[in-house]
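Peer 1: Task: produce atomic coordinates for the following.
(chains A and B)
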Amino acid sequence: MIVEIGHFALILALALALVQASAPLVGAWRADRALMGVAASAALAQFALILVSFAALAWAHLASDFSALNVAENSHSAVPAIYKFSGVWGNHEGSMLLWVLILAAFGALVAAFGGALPARLRANALAVQGLIGAAFLAFILMTSNPFERLWPAPFEGRDLNPILQDPGLAIHPPLLYLGYVGFSIVFSFAAAALIEGRIDAAWARFVRPFALIAWAFLTLGVAMGSYWAYYTLGWGGFWFWDPVENASLMPWLAGTAFVHSAAVMEKRDALKVWTIFLAILAFSFSLLGTFLVRSGVLTSVHAFANDPRRGVFILAILAFFIAGSLSLFAWRAPQLKQGGLFAPISREGALALNNLLLTAACATVVFGTLYPLALEQIAGDKITVGAPFFNLTAGVLLLAACFVMPFGFSLAWKRGDLLGVAERLAVAMAAGLIVFIALIAFRRGGLAPVAAGLAIFVILGSLSEVAARVWRGGASLSVALSRARGLPLSFWGGAFAHAGAGIVLLGVAATGLGAETIAAMRVGVPQTVGPYQVVVNTVGERAGPNYREIVAAMTIRSGGAFVAAIEPARRQFATRQMATTQAGIATIAFGQVYVSIGDPDADGAVPARLYWKPLVTLIWLGACVMALGAGMSLADRRLRFGAPARAKSNAAAAAAAAR
Amino acid sequence: MKALRAALFLALALAASAAHAIRPDEVMTDPTLEARARTLSAELRCMVCQNESIDDSDAPLAHDIRMLIRDRIAEGQSNDAVRAFLVSRYGDFILLKPPFKPETLLLWLSAPLTLALGALGIWAAMRRPREPTPALSAEEEEGLAALTREGEGR
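Peer 2: Next comes the predicted model:
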């Protein structure tokens, strides 16, 4: 019964989404307040209904109701409760339901807190959001119904894919979707602005909080996915340039470019047309990613051809929204008035360059991901586009973007003084250069020294801008502190986000400095990896709730002193006849010792791969710092919706500090 | 056909491996030769996996190719010779870095082309003559002066 309620709520949500997609549009056109008002209530009700639907599916999973097909195929009574719950989105149907839930949540956010928005903009934006919702709700109901029943109900489920039985599944997809789908609202605002034919600096200000929320979550989601892959795959790689990963990187790159160009638009009323284009692009890549992952086209072109219903449906949605928004763009963009002039050497100029590099990087990722699919379809030629290609193209472009970053952050708006900025960044540059030369001297060439030097430059560059603003004119400590407090949060946010990018880069650079040992390990015989010795104490078998595992208990020592204990394991899941590797990881300062084992040989030796990965955690910590920066920027009082009166004093203090 | 089921973000990538790649008994005794073998295997795709190099895959095919590479290196063949042999046997599909050929021209040029197009766009936009900014009216001048005085007074 509860499952049917979920199904019914979803159908109602579709009906409401259709109302939301049409009535406010007519209302905005005829300047009919009542019709426009429908948008907010429809968006809220639609969200509530999808929430009911999601709750119903979650209940079926938690209660192990195997008469529901989705539960029977993706769950098992012995699975721990957390995986029963995260198993809700650990399958195609459920994850699409999560997708529309988050889509509706963003619509509800605008409906609930968008009171200060111009009525027409809000109505049109919610209508577009409703249209996206309707398309995907129809997709779920027609091709991917999670509420299908199975009769007679089996006694036991077929278990959740063991690879997905991991805390990563509970955290990663919701974060990723909050980012991915979050850009839908930016897209909707862009479409609304195009429909109205009016775009100004205020638009950027309205969209800003949503773009920052989406960007922060997408950053965290991508980082979490990377860490999940890192500890699950068994050899400690953190990024594979896999098409599924690329699908999340494309909107991130376009979204990053958008956040920056929207800042130019907000402050200087420039780059308006380009900003709107990026808003369309960012969500288009989210849709493209959804198509790539959900249609099965990646597994093989033939799997897609065998069961094309879903793929064709998403492709139609994709084509409709991308073609629709781009036509709207082509029609309206020429009518938009160009704003603010700026010299090539200025913050706007640097941001334009940053946008150029990010967009080019994004284009190579798109090309690299789609090219093999297209080439096989058109020429029948099978090629592979893997890590070496992306490192050489997108990787180099992103390094270049990192180099521009501190300059852009330090340059003044409108007309900047490059020499003065270079002077300000001299310390950071020198430090970066020293690191670069030191690494060249001690190690072989390659990209690691370049990346490390650049990372130091980026981190110190962000800090030196803070220092320059706080200590200008050789102020005393108390003055400096009060100035630091007075700096707007959005400035701090920028400094943190940029430093975070530098920290990520430092972690990536350090992967070239690690150590690897491959050995058949015997109990009591130590193996050396980097500065550490690892020894196996015991090898034993253990039973988990729904698996058995072989565990090798190991101790990590440094010069005889105990450092940490780890328990790498091999898990065998009976229901699906699959094995997974649980790496043993010890975090030492910012580095990690990482050990993964294989099945023990007949004579008791455990084949193992041991790694020392210095500074590796910086890759993910840096991403957290980036997201924190977005959060700080979001919390800036002056830039929130309906900025309250107290903001005045803050703004004055900021102005005083900046003077 | 439930091929789509496990397709959450990484699942595709994970499904093919999730275990063990290169094994201790595969490692060559000469470290320089082994280093060459590792470099080579990082450039080659495990053809039954999802975009994984044979260095990272535990598929039997990946194991076979790893052994094949080591045998040939032990025989004294160069990296290029081993690579050429594998391409002749499996096609360009095995190379993680696609070769530069007419079919991949657009792929390799995607980065420089986007850069060039973007730069051209920025250049055109900067050159475009703008409407002159309208001068302030007397009333606005007065308001601006008042604001400036107020700002300086603080």
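Peer 1: now the strands for the chain?
Peer 2: Using chain A. A:515-521, A:527-529, A:532-543, A:547-558, A:561-566, A:569-573, A:578-582, A:584-588, A:591-597, A:606-613 (DSSP state E).
Peer 1: can you give me how far the fifth one is from the chain middle?
Peer 2: It refers to strand A:561-566. 34 Å (C-alpha atoms, centre = their mean, to the nearest Å).
Peer 1: Walk me through which strands that strand pairs with, and which way each runs.
Peer 2: Strand A:561-566 sits in its sheet next to strand A:547-558 (antiparallel), going by DSSP bridges.
Peer 1: got the contact list for the partner strand?
Peer 2: A:162, A:521, A:526, A:531-543, A:562-574, A:582, A:584, A:586, A:588, A:593, A:595, A:597, A:599-600, A:606, A:608 (C-beta atoms under 8 Å, 6 or more residues apart in numbering or on different chains). Bear in mind the C-beta positions are built from the backbone N, C-alpha and C, glycine included.
Peer 1: What residues does the stretch 51-200 of chain A have near chain B?
Peer 2: A:73-74, A:89-92, A:95, A:161, A:163-164, A:169, A:172-173, A:176 (C-beta under 8 Å from any C-beta of the partner chain).
Peer 1: could I get these as TSV with pLDDT?
Peer 2: Output for these, formatted as TSV (pLDDT from 0 to 100):
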residue	pLDDT
A:73	89
A:74	89
A:89	91
A:90	89
A:91	88
A:92	88
A:95	91
A:161	84
A:163	82
A:164	85
A:169	88
A:172	91
A:173	90
A:176	92
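Peer 1: Select, from the residues you listed, the two members most distant in space.
Peer 2: Farthest pair in those (C-beta to C-beta) is A:73 and A:176. Separation: 22.7 Å.
Peer 1: what about the residue in the stretch 1-150 of chain A that chain B sits nearest to, neighbour count?
Peer 2: Residue of the stretch 1-150 of chain A nearest chain B, by C-beta to the nearest C-beta: residue A:92 (4.9 Å). By the criterion of other C-beta atoms under 10 Å in any protein chain shown, residue A:92 has 25 neighbours.
Peer 1: likewise the one 4 residues further on?
Peer 2: Neighbourhood size, residue A:96 [other C-beta under 10 Å]: 23.
Peer 1: Hmm, it is touching residue A:140, no?
Peer 2: Yes. Using C-beta atoms under 8 Å, residue A:96 makes contact with residue A:140 at a distance of 5.1 Å.
Peer 1: Which neighbours do these two have in common?
Peer 2: What both residue A:96 and residue A:140 touch, as defined by C-beta under 8 Å, 6+ apart, is the set residue A:146.
Peer 1: for residue A:332, what are its contacts?
Peer 2: Here residue A:332 is in contact with A:194, A:195, A:197 (C-beta under 8 Å, 6+ apart).
Peer 1: can you check residue A:136 too?
Peer 2: So residue A:136 contacts A:96, A:99, A:100, A:103, A:317 (C-beta under 8 Å, 6+ apart).
Peer 1: mind running it again at 7 Å?
Peer 2: Residues in contact with residue A:136 (C-beta atoms under 7 Å, 6 or more residues apart in numbering or on different chains) are A:99, A:100, A:103, A:317.
Peer 1: Got the domain ranges for chain B?
Peer 2: The record's domain parsing of chain B by automatic domain parsing lists B:11-94, B:103-153.
Peer 1: just those: most buried one?
Peer 2: Comparing these by mean neighbour count (mean count of other C-beta atoms under 10 Å in any protein chain shown), domain B:11-94 comes out on top with a mean of 18.
Peer 1: so where's the chain shaky on pLDDT?
Peer 2: Went with chain A since none was named. A:234, A:299-307, A:337-340, A:443-445, A:473, A:637-659 (pLDDT under 70).
Peer 1: hm, I was asking about chain B
Peer 2: Looking at chain B by pLDDT under 70, you get B:1-21, B:128-134, B:152-154.
Peer 1: Using PDB, list the CA coordinates for stretch B:138-153.
Peer 2: Provided in PDB are the C-alpha atoms of stretch B:138-153 (Å, rounded to 0.1, in the frame of the first residue of the first chain):
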ATOM      1  CA  ALA B 138      23.000  68.300 -13.400                       C
ATOM      2  CA  GLU B 139      20.700  66.700 -10.800                       C
ATOM      3  CA  GLU B 140      22.800  63.500 -10.800                       C
ATOM      4  CA  GLU B 141      26.100  65.500 -10.500                       C
ATOM      5  CA  GLU B 142      24.600  67.200  -7.400                       C
ATOM      6  CA  GLY B 143      23.600  63.800  -5.900                       C
ATOM      7  CA  LEU B 144      27.100  62.400  -6.600                       C
ATOM      8  CA  ALA B 145      28.800  65.300  -5.000                       C
ATOM      9  CA  ALA B 146      26.600  64.900  -1.900                       C
ATOM     10  CA  LEU B 147      27.400  61.300  -1.700                       C
ATOM     11  CA  THR B 148      31.100  62.000  -2.000                       C
ATOM     12  CA  ARG B 149      31.000  64.500   0.800                       C
ATOM     13  CA  GLU B 150      29.100  62.100   3.000                       C
ATOM     14  CA  GLY B 151      31.700  59.400   2.300                       C
ATOM     15  CA  GLU B 152      34.600  61.700   3.000                       C
ATOM     16  CA  GLY B 153      33.000  62.800   6.200                       C
END
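Peer 1: So it, near chain A or not?
Peer 2: No. Stretch B:138-153 stays clear of chain A (C-beta under 7 Å from any C-beta of the partner chain), getting no nearer than 8.1 Å.
Peer 1: residue contacts, residue A:546?
Peer 2: Residue A:546 touches A:76, A:78, A:79, A:573, counting by C-beta under 7 Å, 6+ apart.
Peer 1: Of all the residues in chain A, which one is nearest chain B?
Peer 2: residue A:386 (3.0 Å).
Peer 1: Look up phi and psi at the nearest residue to that residue once chain neighbours are set aside.
Peer 2: With sequence-adjacent residues excluded and distances taken as C-beta to C-beta, 6 or more residues apart in numbering or on different chains, residue A:386 is closest to residue B:96, at 3.0 Å. With angles defined as degrees, to the nearest 10, residue B:96 sits at phi -70, psi -30.
Peer 1: how deep is residue B:96 tucked in, by neighbour count?
Peer 2: With other C-beta under 10 Å as criterion, residue B:96 counts 23.
Peer 1: for the strands of chain A, which one ends up most surrounded?
Peer 2: Per stretch, and counting mean count of other C-beta under 10 Å, the top mean among the strands of chain A goes to strand A:591-597, which has a mean of 26.
Peer 1: how far does that one sit from the chain's center?
Peer 2: 25 Å.
Peer 1: Repeat that for stretch B:96-103.
Peer 2: 14 Å.
Peer 1: cool, and stretch A:629-639?
Peer 2: Worked out by C-alpha atoms, centre = their mean, stretch A:629-639 lies 19 Å from the chain centre.
Peer 1: cool, stretch A:201-213 as well?
Peer 2: So, by C-alpha atoms, centre = their mean, the centroid of stretch A:201-213 is 18 Å from its chain's centroid.
Peer 1: go on, stretch A:195-213?
Peer 2: For stretch A:195-213 - counting by C-alpha atoms, centre = their mean - the centre lies 21 Å from the chain centre.
Peer 1: hang on, the earlier thing: show me which of the residues of the stretch 51-200 of chain A next to chain B is closest to residue B:111.
Peer 2: residue A:176 (26.0 Å).
Peer 1: Pull stretch A:606-614 out as CSV, backbone CA atoms only.
Peer 2: What follows is stretch A:606-614, C-alpha atoms only, in CSV (Å, rounded to 0.1, in the frame of the first residue of the first chain):
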residue,chain,number,x,y,z
VAL,A,606,49.7,-12.6,1.1
PRO,A,607,50.2,-10.7,-2.2
ALA,A,608,50.1,-7.1,-1.3
ARG,A,609,50.6,-3.6,-2.8
LEU,A,610,52.0,-1.1,-0.4
TYR,A,611,52.1,2.6,-1.0
TRP,A,612,53.4,5.6,0.8
LYS,A,613,51.5,8.6,-0.4
PRO,A,614,52.8,11.9,1.0
